[in-house]
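Engineer: 3D model of this:
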Amino acid sequence: MSRIEPTIKNKAYALRRLKQLLYDAVRIRLPDQKFGLLFSGGIDSIVIARALKDSGREFTCFTAATDEGCADIVNSRRAAQVLGLRLRYWIMPQDEVESYLKRIIPLIRDSNPISVGVALPIYTASELASRDGCKAVFSGTGADELFAGYNRHKHVADLRGLNRECYYDVLNCYKRDLYRDGVITRDNGLELIAPYLDSAVVDFALRIDPGLKIFKGDPALDAHSDSRDRIINKYILRELALKLNIPKSIAFTKKKAAQYGSGFDRAIERLAKKHGYKYKSTYLEGILTPAVRQAQKSFGFLVAEW
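Structural biologist: Now for the predicted structure:
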């Protein structure tokens, strides 16, 4: 567990080394074939986009949502315009969402509303990338876990234990997110590339001082804070974005979770109500269970009901 001891406290060194490691992680994974980037306009994918752009290779960013006004579409379009990125996005009509749920839920073997809400924009953006001729897609998977990007990280009672929490988050990311994202991209004929989960990046990030991940500043003194939120998550990654000449207005933009920013959580809620369900989880479980039973029959066994 020594790897999670916060030994890197110098901000300038952390920024310099983190850039080097991330750029190396991107460079050694550049595929020979056409590739894209799963993009939401958030800091995780923006930093990867900058590294890809600096590599000199051509690529397209792919985003999906349920409405032009969704935060992920608004943020992606703004970031793409400012950074000079090629962007393609897909607006899925409400009447198509259920057919995708019936395809995705059995695929990821999960009916949890959060997992499904995240899976939908990943699947649809991956499908768009595949139709565009891509054979691989880069992803920002792992950044939230490494750099304390979840809201609960902001409220850790003792920041000295933050890296330990990040460590276990990364382990869960491998088991949960990489499995989900991997089966989704493979179903669309794509290789998934996650530079943040490069072993050297992970090892370094888990040794960065928690105060460089969760910044609790005074808005009167700090240019990136405001009176509504004095706590900034993924601070070191946002500061890296500034070093990469990404405007502060983009680097420090608050981002909604994928299921909310894409509008798919609301779409699922509407479908649940349409079918008479009070809870999204009950509705989604109703899609998963028949698929599981069909798979069990295909393999010649059934699980006994108790």
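
Engineer: Spatially nearest residue to R238, not counting backbone neighbours?
Structural biologist: A251 (4.8 Å; C-beta to C-beta, 6 or more residues apart in numbering). Just so you know, the C-beta spots here come from the backbone N, C-alpha and C atoms, and that holds for glycine as well.

Engineer: which residues touch that neighbour?
Structural biologist: Neighbouring residues of A251 by C-beta atoms under 8 Å, 6 or more residues apart in numbering: I43, I46, R238, E239, A241, L242.

Engineer: Tell me which two of these sit farthest apart.
Structural biologist: The largest separation in the contacts of A251, counting by C-beta to C-beta, is between I46 and E239 at 13.1 Å.

Engineer: more neighbours, those two?
Structural biologist: Set I46 next to E239 and count neighbours by other C-beta atoms under 10 Å: I46 wins out with 31 against 21.

Engineer: and the gap between the more buried one and C134?
Structural biologist: I46 is 19 Å from C134, where distance means C-beta to C-beta, to the nearest Å.

Engineer: try L271
Structural biologist: In terms of C-beta to C-beta, L271 sits 29 Å off from C134.

Engineer: Looking at the two now, which is surrounded by more residues?
Structural biologist: Neighbour tally, L271 and C134, criterion other C-beta under 10 Å: the higher count belongs to C134, 24 against 19.

Engineer: doesn't L37 make contact with that one?
Structural biologist: No - taking contacts as C-beta atoms under 8 Å, C134 lies outside contact range of L37: 9.5 Å.

Engineer: any weak-confidence spans in the protein?
Structural biologist: Residue ranges of the chain with pLDDT under 70: 1-6, 157-159, 217-229, 291-306.

Engineer: can you rerun that using 50?
Structural biologist: 1-2, 219-221, 225-228, 296, 299-306 (pLDDT under 50).

Engineer: What sits closest to A64 if chain neighbours are left out?
Structural biologist: Of all residues not flanking A64 in the chain, T124 sits nearest, at 3.7 Å (C-beta to C-beta, 6+ apart).

Engineer: mind listing what whichever strand or helix holds V137 pairs with, with the direction of each?
Structural biologist: Following DSSP states H and E, one finds V137 within strand 136-138. Using DSSP bridges, strand 136-138 pairs in its sheet with strand 35-38 (parallel), strand 191-193 (parallel).

Engineer: most packed of these?
Structural biologist: strand 35-38 (a mean of 26; mean count of other C-beta atoms under 10 Å).

Engineer: tell me what whichever helix or strand comes after that strand is packed against?
Structural biologist: Per DSSP H and E, strand 35-38 leads on to helix 43-54 as the next helix or strand towards the C-terminus. When contacts are defined as 3 or more C-beta pairs under 8 Å, 6 or more residues apart in numbering; DSSP states H and E, helix 43-54 sits against helix 11-27, strand 35-38, helix 71-83, helix 143-146, helix 235-243, helix 248-251.

Engineer: and of the ones you listed, who's closest to D209?
Structural biologist: helix 11-27 (7.8 Å).

Engineer: Buried ones in the closest one, by neighbour count?
Structural biologist: A14, L15, L18, K19, L21, L22, Y23, A25, V26 (16 or more other C-beta atoms under 10 Å).

Engineer: So what's the residue count around the nearest residue to the last one once chain neighbours are set aside?
Structural biologist: Leaving aside its chain neighbours, V26 sits nearest to A51 (4.3 Å; criterion: C-beta to C-beta, 6+ apart). Around A51 sit 20 other residues, with neighbours defined as other C-beta under 10 Å.

Engineer: next one: V170
Structural biologist: Neighbours of V170 (other C-beta under 10 Å): 20.

Engineer: Let me see the contact set for it.
Structural biologist: G142, E145, L146, L197, V202, L206.

Engineer: Could you do A51 as well?
Structural biologist: Here A51 is in contact with L22, Y23, V26, P195 (C-beta under 8 Å, 6+ apart).

Engineer: hmm, which two among those are most spread apart?
Structural biologist: Y23 and P195 (8.9 Å).

Engineer: out of the helices and strands packed on helix 43-54, which comes closest to F215?
Structural biologist: Of the helices and strands packed on helix 43-54, nearest to F215 by C-beta to C-beta is helix 235-243, at 3.8 Å.

Engineer: which outside residues touch that closest one?
Structural biologist: 11, 14-15, 18-19, 22, 43-44, 46-47, 50, 143, 147, 208, 212-215, 224, 232, 248, 250-252.
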